[in-house]
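[1] would you be able to build a 3D model of this:
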Amino acid sequence: MQNLLRILFLFLCSSISFDTQAQLLNDPATLKNVQNSLDKIYNYEFDEAETFINLVEKKYPDHPVSHILDSFILFWKYLPIKDNPTKSKEYVRKLDLCLQSINKKYGKNSLDPEAVFYTMVARGYLAMMYNYRGEMMNAAGEGKKAYNAFVEGLKLINKNPEFYFTSGMYNYYVEVYPEEHPIVKPVLIFFKSGDKALGLKQMDLGTKMGTITKAESCFYISHVYLKYESKPEKAVGYMEKLVGLYPKNPLFLMKNIESQILAGRYDAARKDLADLKKYNSGFYPVASHSFQGLLDEKADRNDAAAQKEYLLALKTPHDAQYTKEYHAFAYAGLARIAARAGNKSKAKDYYKKCLDKAEYRSVIKEAKAFK
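    The predicted model follows:
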(Lines give C-alpha, C1' and ligand atoms only; values in the text may rest on other atoms or scores of the structure.)
Protein backbone atom coordinates (compact mmCIF):
# COMPACT_ATOMS: atom_id res chain seq x y z
CA MET A 1 0.00 0.00 0.00
CA GLN A 2 2.99 2.32 0.47
CA ASN A 3 3.25 2.72 -3.33
CA LEU A 4 -0.31 4.02 -3.49
CA LEU A 5 0.47 6.44 -0.69
CA ARG A 6 3.69 7.65 -2.25
CA ILE A 7 2.08 8.62 -5.56
CA LEU A 8 -0.24 11.04 -3.80
CA PHE A 9 2.50 13.64 -3.91
CA LEU A 10 2.24 13.68 -7.68
CA PHE A 11 -1.33 14.95 -7.56
CA LEU A 12 0.09 18.22 -6.31
CA CYS A 13 2.10 18.48 -9.49
CA SER A 14 -0.72 17.24 -11.69
CA SER A 15 -2.99 20.05 -10.59
CA ILE A 16 -0.88 22.83 -12.02
CA SER A 17 -2.75 23.28 -15.28
CA PHE A 18 -6.33 23.11 -14.08
CA ASP A 19 -8.61 26.01 -14.85
CA THR A 20 -9.20 27.18 -11.28
CA GLN A 21 -9.39 30.50 -9.55
CA ALA A 22 -6.35 29.75 -7.38
CA GLN A 23 -3.76 32.47 -7.74
CA LEU A 24 -0.67 30.29 -7.77
CA LEU A 25 -2.06 27.97 -10.43
CA ASN A 26 -2.58 30.92 -12.76
CA ASP A 27 0.95 32.24 -12.23
CA PRO A 28 3.23 30.71 -14.91
CA ALA A 29 6.43 32.12 -13.39
CA THR A 30 5.69 30.59 -9.99
CA LEU A 31 4.65 27.29 -11.54
CA LYS A 32 7.98 27.22 -13.36
CA ASN A 33 9.75 27.73 -10.04
CA VAL A 34 7.80 24.81 -8.57
CA GLN A 35 8.79 22.61 -11.52
CA ASN A 36 12.42 23.72 -11.32
CA SER A 37 12.56 22.96 -7.61
CA LEU A 38 11.29 19.43 -8.23
CA ASP A 39 13.85 18.82 -10.97
CA LYS A 40 16.62 19.99 -8.66
CA ILE A 41 15.38 17.77 -5.83
CA TYR A 42 15.31 14.71 -8.07
CA ASN A 43 18.85 15.49 -9.19
CA TYR A 44 20.07 15.91 -5.60
CA GLU A 45 20.79 19.61 -6.09
CA PHE A 46 19.12 20.61 -2.86
CA ASP A 47 20.63 24.07 -2.43
CA GLU A 48 19.45 25.05 -5.90
CA ALA A 49 16.02 23.64 -5.10
CA GLU A 50 15.87 25.81 -1.97
CA THR A 51 16.51 28.88 -4.12
CA PHE A 52 13.44 28.17 -6.25
CA ILE A 53 11.31 27.31 -3.21
CA ASN A 54 12.28 30.59 -1.56
CA LEU A 55 11.02 32.46 -4.62
CA VAL A 56 7.67 30.68 -4.28
CA GLU A 57 7.50 31.38 -0.55
CA LYS A 58 8.36 35.05 -1.04
CA LYS A 59 5.48 35.55 -3.47
CA TYR A 60 3.01 33.27 -1.66
CA PRO A 61 3.83 33.28 2.07
CA ASP A 62 2.67 30.21 4.03
CA HIS A 63 1.22 28.57 0.93
CA PRO A 64 0.75 24.76 1.26
CA VAL A 65 2.99 24.07 -1.73
CA SER A 66 6.03 25.55 0.06
CA HIS A 67 5.63 23.19 3.00
CA ILE A 68 5.17 20.25 0.63
CA LEU A 69 8.33 21.11 -1.29
CA ASP A 70 10.25 21.52 1.98
CA SER A 71 9.10 18.08 3.06
CA PHE A 72 10.05 16.65 -0.33
CA ILE A 73 13.62 17.92 0.08
CA LEU A 74 13.84 16.19 3.47
CA PHE A 75 12.42 12.98 2.01
CA TRP A 76 15.12 12.74 -0.66
CA LYS A 77 18.06 14.34 1.14
CA TYR A 78 17.80 11.95 4.09
CA LEU A 79 16.59 8.87 2.20
CA PRO A 80 15.41 6.72 3.92
CA ILE A 81 14.12 9.43 6.22
CA LYS A 82 12.53 6.96 8.64
CA ASP A 83 16.03 6.09 9.87
CA ASN A 84 16.76 9.68 10.95
CA PRO A 85 14.62 10.50 14.04
CA THR A 86 15.49 14.21 14.06
CA LYS A 87 14.73 14.73 10.38
CA SER A 88 11.65 12.52 10.63
CA LYS A 89 10.20 14.89 13.24
CA GLU A 90 11.01 17.87 11.02
CA TYR A 91 9.42 16.08 8.08
CA VAL A 92 6.19 15.43 10.00
CA ARG A 93 6.18 19.05 11.19
CA LYS A 94 6.37 20.31 7.60
CA LEU A 95 3.41 18.13 6.64
CA ASP A 96 1.43 19.33 9.67
CA LEU A 97 2.20 22.92 8.67
CA CYS A 98 0.85 22.12 5.22
CA LEU A 99 -2.45 20.89 6.70
CA GLN A 100 -2.70 23.96 8.91
CA SER A 101 -2.06 26.17 5.89
CA ILE A 102 -4.76 24.36 3.91
CA ASN A 103 -7.35 24.91 6.66
CA LYS A 104 -6.37 28.55 6.94
CA LYS A 105 -6.45 29.23 3.20
CA TYR A 106 -9.41 27.09 2.10
CA GLY A 107 -11.31 26.13 5.24
CA LYS A 108 -11.69 22.70 6.83
CA ASN A 109 -12.71 19.82 4.52
CA SER A 110 -12.72 22.12 1.50
CA LEU A 111 -13.39 20.53 -1.90
CA ASP A 112 -11.46 23.25 -3.72
CA PRO A 113 -9.16 21.41 -6.19
CA GLU A 114 -6.00 22.88 -4.68
CA ALA A 115 -7.13 21.98 -1.16
CA VAL A 116 -7.91 18.43 -2.23
CA PHE A 117 -4.49 17.93 -3.79
CA TYR A 118 -2.48 19.38 -0.93
CA THR A 119 -4.51 17.41 1.61
CA MET A 120 -3.91 14.23 -0.39
CA VAL A 121 -0.18 14.82 -0.43
CA ALA A 122 0.24 15.74 3.24
CA ARG A 123 -1.97 12.97 4.59
CA GLY A 124 -0.50 10.39 2.23
CA TYR A 125 3.04 11.11 3.37
CA LEU A 126 2.04 11.22 7.02
CA ALA A 127 0.45 7.79 6.59
CA MET A 128 3.66 6.48 5.07
CA MET A 129 5.76 7.80 7.95
CA TYR A 130 3.45 6.31 10.58
CA ASN A 131 3.59 3.01 8.67
CA TYR A 132 7.40 3.04 8.79
CA ARG A 133 7.27 3.69 12.53
CA GLY A 134 4.90 0.80 13.11
CA GLU A 135 2.12 3.14 14.25
CA MET A 136 -0.50 1.29 12.24
CA MET A 137 -3.60 2.92 13.70
CA ASN A 138 -2.26 6.40 12.95
CA ALA A 139 -1.21 5.23 9.50
CA ALA A 140 -4.66 3.82 8.81
CA GLY A 141 -6.33 7.03 9.96
CA GLU A 142 -4.19 9.22 7.74
CA GLY A 143 -4.50 6.78 4.86
CA LYS A 144 -8.28 6.87 5.02
CA LYS A 145 -8.30 10.66 4.97
CA ALA A 146 -5.86 10.62 2.06
CA TYR A 147 -8.04 8.16 0.16
CA ASN A 148 -11.08 10.38 0.63
CA ALA A 149 -9.17 13.18 -1.05
CA PHE A 150 -7.97 10.76 -3.71
CA VAL A 151 -11.57 9.87 -4.62
CA GLU A 152 -12.29 13.55 -5.14
CA GLY A 153 -9.24 13.74 -7.37
CA LEU A 154 -10.45 10.87 -9.56
CA LYS A 155 -13.30 13.07 -10.70
CA LEU A 156 -10.72 15.21 -12.50
CA ILE A 157 -9.01 12.28 -14.21
CA ASN A 158 -9.69 13.43 -17.78
CA LYS A 159 -8.60 17.01 -17.27
CA ASN A 160 -4.83 16.65 -17.43
CA PRO A 161 -2.30 14.20 -18.99
CA GLU A 162 -0.41 14.12 -15.70
CA PHE A 163 -3.21 11.89 -14.42
CA TYR A 164 -2.17 9.05 -16.71
CA PHE A 165 0.41 8.16 -14.07
CA THR A 166 -1.75 8.41 -10.99
CA SER A 167 -4.74 6.66 -12.54
CA GLY A 168 -2.43 3.98 -13.96
CA MET A 169 -0.90 3.36 -10.56
CA TYR A 170 -4.32 3.01 -9.01
CA ASN A 171 -5.65 0.71 -11.73
CA TYR A 172 -2.63 -1.57 -11.42
CA TYR A 173 -2.02 -1.68 -7.68
CA VAL A 174 -5.63 -2.00 -6.56
CA GLU A 175 -5.65 -5.31 -8.46
CA VAL A 176 -2.12 -6.62 -7.78
CA TYR A 177 -1.98 -5.77 -4.06
CA PRO A 178 -4.70 -8.23 -3.00
CA GLU A 179 -3.05 -10.88 -5.20
CA GLU A 180 0.08 -10.49 -3.11
CA HIS A 181 -1.72 -9.94 0.21
CA PRO A 182 -5.04 -11.84 0.22
CA ILE A 183 -5.73 -10.73 3.80
CA VAL A 184 -6.62 -7.23 2.54
CA LYS A 185 -9.29 -8.42 0.08
CA PRO A 186 -12.19 -7.76 2.49
CA VAL A 187 -11.01 -4.16 2.93
CA LEU A 188 -10.44 -3.49 -0.76
CA ILE A 189 -13.92 -4.67 -1.66
CA PHE A 190 -15.01 -1.09 -0.99
CA PHE A 191 -12.42 0.32 -3.41
CA LYS A 192 -13.11 1.09 -7.04
CA SER A 193 -12.05 -1.87 -9.22
CA GLY A 194 -8.93 -1.55 -11.35
CA ASP A 195 -7.48 -3.03 -14.53
CA LYS A 196 -3.81 -4.08 -14.63
CA ALA A 197 -3.43 -3.93 -18.41
CA LEU A 198 -5.02 -0.48 -18.52
CA GLY A 199 -2.86 0.61 -15.59
CA LEU A 200 0.34 -0.34 -17.43
CA LYS A 201 -0.85 1.48 -20.55
CA GLN A 202 -1.67 4.60 -18.55
CA MET A 203 1.67 4.61 -16.74
CA ASP A 204 3.46 4.28 -20.07
CA LEU A 205 1.50 7.26 -21.39
CA GLY A 206 2.60 9.11 -18.26
CA THR A 207 6.26 8.58 -19.19
CA LYS A 208 5.57 10.15 -22.60
CA MET A 209 2.95 12.82 -21.95
CA GLY A 210 3.54 13.80 -18.35
CA THR A 211 5.67 16.78 -17.45
CA ILE A 212 6.01 16.81 -13.69
CA THR A 213 4.96 13.16 -13.34
CA LYS A 214 7.36 11.82 -15.96
CA ALA A 215 10.01 10.82 -13.41
CA GLU A 216 7.60 8.98 -11.14
CA SER A 217 5.99 7.30 -14.13
CA CYS A 218 9.37 5.95 -15.26
CA PHE A 219 10.35 4.83 -11.77
CA TYR A 220 7.16 3.01 -10.89
CA ILE A 221 6.45 1.35 -14.20
CA SER A 222 10.03 0.02 -14.05
CA HIS A 223 9.37 -1.29 -10.55
CA VAL A 224 6.20 -2.99 -11.74
CA TYR A 225 7.99 -4.72 -14.60
CA LEU A 226 10.78 -5.88 -12.28
CA LYS A 227 8.74 -6.99 -9.27
CA TYR A 228 5.41 -8.18 -10.62
CA GLU A 229 5.58 -8.64 -14.38
CA SER A 230 9.06 -10.24 -14.48
CA LYS A 231 9.94 -8.35 -17.65
CA PRO A 232 13.20 -6.52 -16.84
CA GLU A 233 13.85 -5.81 -20.52
CA LYS A 234 10.86 -3.47 -20.42
CA ALA A 235 12.14 -1.74 -17.28
CA VAL A 236 15.50 -0.87 -18.85
CA GLY A 237 14.24 1.80 -21.23
CA TYR A 238 12.35 3.67 -18.54
CA MET A 239 15.23 3.61 -16.07
CA GLU A 240 17.74 4.73 -18.67
CA LYS A 241 15.51 7.69 -19.44
CA LEU A 242 15.36 8.51 -15.73
CA VAL A 243 19.12 8.33 -15.24
CA GLY A 244 19.55 10.54 -18.30
CA LEU A 245 17.27 13.18 -16.79
CA TYR A 246 18.72 12.96 -13.26
CA PRO A 247 22.29 11.67 -13.44
CA LYS A 248 23.11 12.68 -9.85
CA ASN A 249 20.35 10.60 -8.26
CA PRO A 250 21.94 7.42 -6.78
CA LEU A 251 18.61 5.66 -6.20
CA PHE A 252 17.76 5.95 -9.88
CA LEU A 253 21.28 4.75 -10.76
CA MET A 254 20.86 1.72 -8.47
CA LYS A 255 17.53 0.69 -9.99
CA ASN A 256 18.91 1.21 -13.49
CA ILE A 257 21.76 -1.21 -12.82
CA GLU A 258 19.33 -3.74 -11.36
CA SER A 259 17.15 -3.63 -14.46
CA GLN A 260 20.20 -3.94 -16.73
CA ILE A 261 21.52 -7.02 -14.93
CA LEU A 262 18.15 -8.78 -14.78
CA ALA A 263 17.71 -8.05 -18.49
CA GLY A 264 21.13 -9.56 -19.26
CA ARG A 265 22.74 -6.28 -20.26
CA TYR A 266 25.92 -7.03 -18.34
CA ASP A 267 28.38 -4.68 -20.07
CA ALA A 268 26.19 -1.64 -19.47
CA ALA A 269 25.57 -2.71 -15.87
CA ARG A 270 29.28 -3.20 -15.19
CA LYS A 271 30.04 0.32 -16.40
CA ASP A 272 27.33 1.91 -14.24
CA LEU A 273 28.21 -0.23 -11.21
CA ALA A 274 31.58 1.49 -11.05
CA ASP A 275 29.70 4.74 -10.38
CA LEU A 276 27.38 3.18 -7.78
CA LYS A 277 30.35 1.85 -5.81
CA LYS A 278 31.34 5.45 -5.11
CA TYR A 279 28.34 5.63 -2.76
CA ASN A 280 29.77 3.75 0.20
CA SER A 281 27.20 4.68 2.85
CA GLY A 282 23.51 4.12 3.47
CA PHE A 283 21.88 1.19 1.71
CA TYR A 284 23.96 1.40 -1.47
CA PRO A 285 26.80 -0.99 -0.46
CA VAL A 286 24.41 -3.95 -0.20
CA ALA A 287 23.27 -3.20 -3.75
CA SER A 288 26.85 -2.97 -5.00
CA HIS A 289 27.82 -6.35 -3.50
CA SER A 290 24.68 -8.05 -4.76
CA PHE A 291 25.08 -6.62 -8.27
CA GLN A 292 28.78 -7.52 -8.39
CA GLY A 293 27.89 -11.05 -7.34
CA LEU A 294 25.35 -11.33 -10.14
CA LEU A 295 27.88 -10.09 -12.69
CA ASP A 296 30.56 -12.47 -11.38
CA GLU A 297 28.13 -15.37 -11.54
CA LYS A 298 26.14 -14.73 -14.70
CA ALA A 299 28.49 -12.71 -16.90
CA ASP A 300 31.90 -14.05 -15.83
CA ARG A 301 30.88 -17.58 -14.73
CA ASN A 302 33.09 -17.16 -11.65
CA ASP A 303 31.28 -18.85 -8.79
CA ALA A 304 34.06 -18.29 -6.26
CA ALA A 305 34.08 -14.53 -6.80
CA ALA A 306 30.27 -14.41 -6.87
CA GLN A 307 30.02 -16.36 -3.62
CA LYS A 308 32.33 -13.88 -1.91
CA GLU A 309 30.22 -10.91 -3.05
CA TYR A 310 26.92 -12.55 -2.10
CA LEU A 311 28.21 -13.28 1.41
CA LEU A 312 29.39 -9.68 1.74
CA ALA A 313 25.94 -8.51 0.62
CA LEU A 314 24.31 -10.59 3.36
CA LYS A 315 26.63 -9.08 5.96
CA THR A 316 25.60 -5.60 4.84
CA PRO A 317 22.36 -4.13 6.26
CA HIS A 318 19.48 -3.62 3.87
CA ASP A 319 16.54 -1.23 3.90
CA ALA A 320 13.07 -2.76 4.07
CA GLN A 321 11.73 -0.53 1.31
CA TYR A 322 14.57 -0.13 -1.16
CA THR A 323 17.14 -2.94 -0.85
CA LYS A 324 15.50 -5.91 0.89
CA GLU A 325 15.30 -7.78 -2.41
CA TYR A 326 19.06 -7.64 -2.79
CA HIS A 327 19.44 -10.04 0.14
CA ALA A 328 17.00 -12.31 -1.67
CA PHE A 329 19.16 -12.01 -4.81
CA ALA A 330 22.22 -13.00 -2.75
CA TYR A 331 20.55 -16.03 -1.16
CA ALA A 332 19.28 -17.19 -4.57
CA GLY A 333 22.77 -16.77 -6.03
CA LEU A 334 24.33 -18.79 -3.23
CA ALA A 335 21.67 -21.47 -3.77
CA ARG A 336 22.52 -21.72 -7.47
CA ILE A 337 26.22 -21.96 -6.67
CA ALA A 338 25.60 -24.69 -4.09
CA ALA A 339 23.43 -26.61 -6.55
CA ARG A 340 26.13 -26.49 -9.22
CA ALA A 341 28.61 -27.78 -6.64
CA GLY A 342 26.33 -30.74 -5.98
CA ASN A 343 25.27 -29.62 -2.51
CA LYS A 344 21.51 -29.92 -2.86
CA SER A 345 20.83 -29.68 0.88
CA LYS A 346 22.71 -26.38 1.14
CA ALA A 347 20.96 -25.05 -1.93
CA LYS A 348 17.59 -25.83 -0.38
CA ASP A 349 18.60 -24.03 2.81
CA TYR A 350 19.65 -20.93 0.87
CA TYR A 351 16.42 -20.91 -1.13
CA LYS A 352 14.43 -21.19 2.09
CA LYS A 353 16.21 -18.09 3.41
CA CYS A 354 15.65 -16.43 0.05
CA LEU A 355 11.90 -16.90 0.39
CA ASP A 356 11.97 -15.13 3.76
CA LYS A 357 13.18 -11.99 1.95
CA ALA A 358 11.94 -12.25 -1.62
CA GLU A 359 9.09 -10.14 -2.99
CA TYR A 360 9.87 -10.31 -6.71
CA ARG A 361 7.69 -12.91 -8.38
CA SER A 362 10.57 -14.19 -10.53
CA VAL A 363 12.77 -14.82 -7.49
CA ILE A 364 9.96 -16.51 -5.56
CA LYS A 365 9.20 -18.72 -8.57
CA GLU A 366 12.86 -19.76 -8.84
CA ALA A 367 13.13 -20.60 -5.13
CA LYS A 368 9.89 -22.57 -5.02
CA ALA A 369 10.77 -24.51 -8.18
CA PHE A 370 13.97 -25.98 -6.75
CA LYS A 371 13.50 -29.60 -5.66
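
[2] can you give me the helices in the stretch 201-350 of the chain?
    In the stretch 201-350 of the chain, helices defined by DSSP state H, counting those that start in this stretch lie at 214-227, 232-245, 250-262, 266-276, 284-294, 303-315, 324-340, 344-357, listed in chain order.

[3] what about those, which gets the closest to Tyr78?
    Across those, the minimum distance to Tyr78, taken as Cβ to Cβ, is reached by helix 250-262, at 12.6 Å. Backbone N, C-alpha and C define where each C-beta goes, glycine included.

[4] list the contacts of that closest one.
    The set of residues external to helix 250-262 that reach it, using Cβ atoms under 8 Å, 6 or more residues apart in numbering, is 44, 79, 219, 222-223, 225-226, 232, 235-236, 239-240, 242-243, 246-247, 266, 268-269, 272-273, 275-276, 279, 284, 287, 291, 294-295, 298, 322, 362.

[5] quick revisit: just send the helices of the stretch 201-350 of the chain back as CSV, with mean pLDDT and distance to Val92 too.
    Supplementary listing: the helices of the stretch 201-350 of the chain in CSV, determined by pLDDT from 0 to 100; distance: least, Cβ to Cβ, whole Å:
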stretch, mean pLDDT, distance to Val92
helix 214-227, 93, 22
helix 232-245, 97, 28
helix 250-262, 98, 22
helix 266-276, 98, 31
helix 284-294, 98, 26
helix 303-315, 98, 33
helix 324-340, 98, 24
helix 344-357, 98, 29
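
[6] now render the ones you listed as JSON lines, adding distance to Val116 and mean neighbour count.
    Listed next are the helices of the stretch 201-350 of the chain as JSON lines, based on distance: least, Cβ to Cβ, whole Å; neighbours: other Cβ atoms under 10 Å:
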{"stretch": "helix 214-227", "distance to Val116": "19", "mean neighbour count": "24"}
{"stretch": "helix 232-245", "distance to Val116": "28", "mean neighbour count": "20"}
{"stretch": "helix 250-262", "distance to Val116": "29", "mean neighbour count": "24"}
{"stretch": "helix 266-276", "distance to Val116": "39", "mean neighbour count": "16"}
{"stretch": "helix 284-294", "distance to Val116": "37", "mean neighbour count": "25"}
{"stretch": "helix 303-315", "distance to Val116": "44", "mean neighbour count": "19"}
{"stretch": "helix 324-340", "distance to Val116": "34", "mean neighbour count": "22"}
{"stretch": "helix 344-357", "distance to Val116": "38", "mean neighbour count": "17"}
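
[7] include distance to Ile189 when you put these into a markdown table, please.
    Below are the helices of the stretch 201-350 of the chain laid out as a markdown table (distance: least, Cβ to Cβ, whole Å):
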| stretch | distance to Ile189 |
| --- | --- |
| helix 214-227 | 23 |
| helix 232-245 | 31 |
| helix 250-262 | 33 |
| helix 266-276 | 42 |
| helix 284-294 | 38 |
| helix 303-315 | 40 |
| helix 324-340 | 29 |
| helix 344-357 | 29 |
